[in-house]
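> Please find the sequence and the predicted model below.
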Amino acid sequence: MKIWQIAIAIFSIIAIILLSVFSSFSYPYVEKVSADWVVDDNINIRIKAVVENPNFFSIKIATLICKVFLNDIEIAEGLDKNIVLQRGENNLSVDLFLDTNKIQKWWTKHIKNGERSDVIVEYMAMANFFFFNKTSKTRKLYSTITTDFTQKLSFNKTKAINVSLNGIETTLLFVNKFESKWQYVDENITIINSSIQLYNPNGEEIGIENFTYNVFLNGIKLGGGWLADNITLAPYATVNTYCYMRIQNEEIPDWFESHLRSGETTLYEIKSYAKLLYGDSAYFIQPIEISGNFSTNFLEKVL
């Protein structure tokens, strides 16, 4: 037998062996995934995965790409290269860079989706085995987040507005309720429609002028609202009026970053100012004061 015939025979046997092995090749699979925020100068998401290699030989992952989505908006991506998966269990860790430029778009979809967001984790692995390449892509629902911003920015407990008349503390106005509802949202602005109920407990009419209020999240002013017209309340009258709060969405990424740096906790505040006219006097009051904290857990779940 000639040398070239022997070489062909050897390569044919090797090819048959490789094809046989590759045909029995089982792709590694992820047994468990967890995610955590990594907060320093930048904010990253650290994905930790337990990957099982069911084959009797090690496998080289040329590239592992991980992504995190909020309501199908990619907010973070990271990759690792030249990973060797030994037979059995392997612990992998990949850091994903958080792109805060995507947070405005997420906010819009979150509000339009009824203040609900799905956290999706996607990972794609490209494995090399001898002369063969194989790619696997997995996308999983990690968790679902809900918020209630407008409920936080509301109250229905009567607040008395007291002033000093001739050295005597006197109630001139009751604020019975303040209710907020979403009116409109796009990537640039968010508008909240608020209703206010005021009651005059006195035998003389009172006036309300220059009624304005501002909304703060972790000390960051997002926007504010005002009454378009001044109000006159007749004696013992109840008035329901409306105003619109305008939020500048360009401030949302700064708030979101502060929210993460505070352990996914936010201090929310509404501060208001108005001039109350009674008799021949004017009083500067704060008719609406709301504050509190809310928390989220975007990454608390383990798959």
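Cool, got the structure. Numbering: from 1, shown residues only.
> And the helices in this protein, which stretches?
Ranges of helices in the chain, per DSSP state H, are 3-23, 103-112, 149-152, 252-261.
> for the third one, packing partners?
Other elements packing on helix 149-152 under the criterion 3 or more Cβ pairs under 8 Å, 6 or more residues apart in numbering; DSSP states H and E are strand 168-185, strand 289-295. The way it works is simple: take the backbone N, C-alpha and C, and place the C-beta from them, glycine included.
> could these be laid out in JSON lines, adding mean neighbour count and distance to Asp118?
Listed next are these as JSON lines, based on neighbours: other Cβ atoms under 10 Å; distance: least, Cβ to Cβ, whole Å:
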{"stretch": "strand 168-185", "mean neighbour count": "16", "distance to Asp118": "18"}
{"stretch": "strand 289-295", "mean neighbour count": "13", "distance to Asp118": "19"}
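> Throw these into TSV and include mean pLDDT and distance to Val239, thanks.
Formatted as TSV, the helices and strands packed on helix 149-152 follow (pLDDT from 0 to 100; distance: least, Cβ to Cβ, whole Å):
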stretch	mean pLDDT	distance to Val239
strand 168-185	91	10
strand 289-295	92	20
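> Can you tell me which of those is nearest to Val51?
strand 289-295 (31.5 Å; Cβ to Cβ).
> strands paired with the closest one, and their directions?
strand 265-278 (antiparallel) (DSSP bridges).
> Worst mean pLDDT among the helices of the chain?
Of all these, mean pLDDT reaches its minimum on helix 3-23 (a mean of 42).
> For Asn218, which non-adjacent residue is closest in space?
Nearest non-adjacent residue to Asn218, counting by Cβ to Cβ, 6 or more residues apart in numbering: Ser258, 4.2 Å away.
> dump the residue contacts of the one you found.
Counting by Cβ atoms under 8 Å, 6 or more residues apart in numbering, Ser258 makes contact with 217-220, 266.
> Would you list the phi and psi of the residue nearest to Gly279 when sequence neighbours are not counted?
Closest residue to Gly279 apart from its sequence neighbours, by Cβ to Cβ, 6+ apart: Glu204 at 6.6 Å. With angles defined as degrees, to the nearest 10, Glu204 sits at phi -120, psi 150.
> so how many other residues sit close to Glu204?
Look at Glu204: counted by other Cβ atoms under 10 Å, it has 11 neighbours.
> again, but for Thr108
Thr108, neighbours per other Cβ under 10 Å, totals 20.
> Wait, it touches Trp182, no?
No - using Cβ atoms under 8 Å, Thr108 makes no contact with Trp182, being 11.4 Å away.
> shared neighbours, these two?
In contact with both Thr108 and Trp182: no residue, using Cβ under 8 Å, 6+ apart.
> wait, Asn188 sits on Glu251?
No - with contact defined as Cβ under 8 Å, Asn188 does not count as touching Glu251 (11.3 Å).
> where does Leu277 land on pLDDT?
93.
> wait, doesn't it sit right on Asn202?
No - using Cβ under 8 Å, Leu277 is not in contact with Asn202, being 12.0 Å away.
> so what's Thr232 closest to, chain neighbours aside?
Counting by Cβ to Cβ, 6+ apart, Thr232 lies nearest to Gly207, which is 5.1 Å off, once chain neighbours are set aside.
> Who is the one you found paired with across the strands?
Thr232, Leu277.
> Next, the contact list for it, please.
230-233, 276-278.
> Give me the buried entries from the residues you listed.
Among the contacts of Gly207, those classed as buried by 16 or more other Cβ atoms under 10 Å are 231, 233, 276-278.
> want to throw the residues you listed into CSV with distance to Gln104?
As requested, the buried ones among the contacts of Gly207 are arranged in CSV below (distance: Cβ to Cβ, whole Å):
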residue, distance to Gln104
Ile231, 35
Leu233, 40
Leu276, 38
Leu277, 41
Tyr278, 44
